[in-house]
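**Student:** sequence and predicted structure are below.
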Amino acid sequence: MHALYFSSLFLLSFLNIFAGKGDAEKAETLFVFGDSYADTGNHDPYNETLNQPWRKPYGLTWPGYPAGRFSSGKIQSDFWADILGLPSPISYEQLKNHGCGPNFKKIRQGVSFAVGGSAIFQAYGFPTVSQQVKQFKKLIAASPGFDSDKLSRSIVLISAAGNDYGALSNRRNGSTEGLEAAVKPVVSGIIKVVKDLYECGLRNFVVSDIAALGCAPEIGKKSCDSKYNRIIKLHSRLLTESLQHLRLHLKEISIIIPDMVSATNYIFSHHAQYGLVDLFVPCCAVKGGIRHCGEVDEKGKALFEVCDNVDEKFFWDFAHPTHRAWYALMSLYAYGDNTRGFSFIQGASNAIEWLHSLGFLAFNISLRTAD
């Protein structure tokens, strides 16, 4: 059944890609903002307190070594680039370390400003999404060739998966009490980011909804925790309403919202079909615990263990999906579930059709780990 499902998915995706191609062209550039669900390497690899995604065993599945991503392989930024037929977006940190000149071609195809731990407000001390927008403006001003036409034919990915709520909950010893009061300011901050980028000339936005906060790994856990449900529902409703307001009032703007909660719940409900086991047990963790993937002692001995079935795991570490899980999520965004008629994108039937509606080519994504 597992093989049959993905054979059918490939056929449907193949048909989607080549239907109505016409005079479509590739999108120009992918710009990425947000948190660890979109970070392609913006933690300093030389800072031992912050370089977790640059340590082994991160990158185990792809590219085979640590590449600055909080996963065993590709994350959504990489898969969105695959859909667009573009290379994975270069990290802003790499540009700072090596300069823009040698990387000019890469800049023109995609840049990720997202950094793990980021949020709308100062959740964990990392650059906020608004500060990332300032970095974008600085980079664009210093890089020739980004005229209004190029920017209007680019794609923006924004991931604010929930660090604001997680940080507040941590400060309250895991309680969700009072978190609802934070939802409106957080959503307003996301809307401000979209408007700021729109004023820069960008027009096409993928604004990811909140993550399934109650589904994070936990020892002994058998199902997703419902304590975040009110926060998730309120956040999703306000985000949808606010982005619809922008659609109605900002000329030529196009916005889709990947519904990560629905996609995660769908995968969990059909986990056997996806070949996934032990949904709430991460592949990489300290023995008997959840955190500390990549940690070593003073002698360099690993304090963590890595599972031998990473392709059967949804979570890589304490909060982040594996390469396999990101592929499953992105497949639902890209194609939906045509056999059941389900869509996991608000604002379009699926990502492929959205790109076609904009006049862009869209390409198949693959579980294979090669570029």
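**Tutor:** Received the coordinates, thanks.

**Student:** what segments of the protein are helices?
**Tutor:** Under the criterion DSSP state H, helices of the chain are mapped to 2-18, 76-84, 92-98, 104-109, 129-142, 148-152, 163-171, 180-199, 229-249, 260-269, 271-274, 323-335, 351-357.

**Student:** and the ones you listed as TSV, adding mean pLDDT, mean neighbour count and distance to C284?
**Tutor:** Using the backbone N, CA and C atoms, a C-beta is placed for each residue, glycine as well. TSV is the format used below for those (pLDDT from 0 to 100; neighbours: other Cβ atoms under 10 Å; distance: least, Cβ to Cβ, whole Å):
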stretch	mean pLDDT	mean neighbour count	distance to C284
helix 2-18	46	14	24
helix 76-84	98	24	19
helix 92-98	78	17	23
helix 104-109	83	16	29
helix 129-142	95	17	27
helix 148-152	96	13	39
helix 163-171	92	20	20
helix 180-199	97	17	29
helix 229-249	97	16	26
helix 260-269	97	19	19
helix 271-274	96	15	19
helix 323-335	98	25	12
helix 351-357	97	22	29
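
**Student:** quick one: which of the ones you listed is nearest G294?
**Tutor:** helix 323-335 (16.1 Å; Cβ to Cβ).

**Student:** elements contacting the closest one?
**Tutor:** helix 2-18, helix 76-84, helix 260-269, helix 351-357 (3 or more Cβ pairs under 8 Å, 6 or more residues apart in numbering; DSSP states H and E).

**Student:** next, the angle helix 76-84 makes with that helix.
**Tutor:** Per axes from the mean of the first three to the mean of the last three Cα atoms, to 10 degrees, the angle that helix 323-335 makes with helix 76-84 is 40 degrees.

**Student:** and helix 323-335 with helix 260-269, angle?
**Tutor:** 120 degrees.

**Student:** my read: S118 touches G34, true?
**Tutor:** Yes. S118 is within contact range of G34, at 6.4 Å (criterion: Cβ atoms under 8 Å).

**Student:** touching both of the two, which residues are there?
**Tutor:** Common neighbours of S118 and G34, counting by Cβ atoms under 8 Å, 6 or more residues apart in numbering, are 129, 132.

**Student:** re earlier: could you dump the helices of the chain to a markdown table with distance to H43?
**Tutor:** A markdown table is the format used below for the helices of the chain (distance: least, Cβ to Cβ, whole Å):
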| stretch | distance to H43 |
| --- | --- |
| helix 2-18 | 33 |
| helix 76-84 | 14 |
| helix 92-98 | 7 |
| helix 104-109 | 19 |
| helix 129-142 | 14 |
| helix 148-152 | 27 |
| helix 163-171 | 14 |
| helix 180-199 | 21 |
| helix 229-249 | 26 |
| helix 260-269 | 22 |
| helix 271-274 | 29 |
| helix 323-335 | 18 |
| helix 351-357 | 28 |
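
**Student:** among those, which is nearest K301?
**Tutor:** helix 323-335 (26.0 Å).

**Student:** thinking again about what came up before, to A123, which of the helices of the chain lies closest?
**Tutor:** Comparing the helices of the chain by Cβ to Cβ, helix 163-171 comes nearest, at 3.7 Å.

**Student:** can you list the residues that contact that closest one?
**Tutor:** With contacts defined as Cβ under 8 Å, 6+ apart, helix 163-171 is touched by 35, 117-121, 123-124, 175-176, 178-179, 182, 186, 210, 213, 228, 231, 235.

**Student:** before we move on, what about stretch 212-227?
**Tutor:** 162, 165-166, 176, 228-229, 231-232, 260-261, 264-265, 268, 279-282, 285, 288-290, 315, 318-319.

**Student:** buried ones in it, by neighbour count?
**Tutor:** Applying a neighbour-count criterion of 16 or more other Cβ atoms under 10 Å, one finds 212-217, 224 buried in stretch 212-227.

**Student:** can you tell me what sits against stretch 246-259?
**Tutor:** The contact list for stretch 246-259 (Cβ under 8 Å, 6+ apart) reads 152, 191, 194-195, 198, 203-209, 236, 239-240, 243, 333, 344-348, 351, 354, 357-358.

**Student:** check stretch 103-114 too.
**Tutor:** Contacts for stretch 103-114 (Cβ under 8 Å, 6+ apart): 28-42, 77, 81, 86-92, 94-95, 100, 127, 132-133, 135-136, 139, 143, 145-146, 159.

**Student:** what subset of these is buried?
**Tutor:** Buried members of these, counted by 16+ other Cβ under 10 Å: 28-42, 77, 81, 86, 88-92, 94-95, 127, 132-133, 135-136, 139, 143, 146, 159.

**Student:** among those residues, name the ones in strands.
**Tutor:** Of the positions in the buried ones among the contacts of stretch 103-114, 30-34, 90-91, 159 sit in strands, assigned by DSSP state E.

**Student:** give me the distance between the residue nearest to I231 when sequence neighbours are not counted and C215.
**Tutor:** Among residues not flanking I231 along the chain, L179 sits closest, at 5.2 Å (Cβ to Cβ, 6 or more residues apart in numbering). Distance, L179 to C215, by Cβ to Cβ, to the nearest Å: 17 Å.

**Student:** sweet, I'm off.
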